[in-house]
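>>> the following block contains a protein sequence and its predicted model.
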Amino acid sequence: LKHAHELVVNYLHALEVSRSAGDKSLIAMTSDGMARLFALQGRNGAALGAQQDALKNEQDLQQQSADLAQIQANYGSILALVGRFEDSQKNLDAALALAKSLHNDVLVEKLLNQQGERSFYQGDLAAARTALDQAMQLASKQKDRGEILRVKLNQARTDLAQGKAAVASK
């Protein structure tokens with residue numbers, strides 16, 4: 001717990017420095033990191049606020065970038081955590097469309113995984129499995145063992161929720 005507090009203090013300091021410098025990109029990245037930390041702590045309200053700040057600052061740059069797609073997807077994921085599934089879907093869809101327009105398969109795979117998680121949280125297990133299967137195809141092509149493991153974990157959670165324990169154990 002002490003370590004988490006120190007991380008928050010460090011993020012707040014970095015945010016203060018970023019704001020002083022007027023660096024919207026750095027503000028966005030710092031707020032995004034802080035939001036992810038808050039989400040890990042189960043502080044979903046604080047995560048949502050920090051992620052909104054990240055998205056606003058990244059959008060202010062008016063650039064169609066991988067950073068914008070990832071931050072918008074992270075916002076969508078946090079919206080799903082707080083039960084705002086329709087808003088979540090809109091943000092994840094926009095982020096995925098941007099990642100595809102950038103021809104960034106690494107990012108597309110990560111966003112498909114996030115889509116699968118959103119569908120899982122909403123209870124749409126068939127949609128979750130479809131998105132996760134697409135993510136696995138891309139992760140396998142990239143041979144990224146960390147991403148493959150992350151997608152497999154989400155696939156297994158989905159299989160267990162569907163009552164397919166035998167499939168999940170593979």
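Right, received. Where do you want to start? Predicted model only: the values in this text are computed from it and were never measured.
>>> would you mark the buried spots in the helix of greatest length in the chain?
Ordering each helix of the chain by length in residues (DSSP state H) puts helix 2-21 first. Burial within helix 2-21, assessed by neighbour count using 16 or more other Cβ atoms under 10 Å, is assigned to 11, 14-15, 18. The way it works is simple: take the backbone N, C-alpha and C, and place the C-beta from them, glycine included.
>>> among the residues you listed, which one lies nearest to Gly116?
Using Cβ to Cβ, Tyr11 is the member of these that sits closest to Gly116, with 27.9 Å.
>>> the closest residue to the closest one other than its chain neighbours and Leu107: what is the separation?
Spatial nearest neighbour of Tyr11, excluding adjacent residues (Cβ to Cβ, 6 or more residues apart in numbering): Met34 at 4.2 Å. Distance check for Met34 against Leu107: by Cβ to Cβ, to the nearest Å, it reads 21 Å.
>>> the more surrounded of these two?
Neighbour tally, Met34 and Leu107, criterion other Cβ atoms under 10 Å: the higher count belongs to Met34, 24 against 21.
>>> where's the more buried one, which helix or strand?
helix 24-40 (DSSP states H and E).
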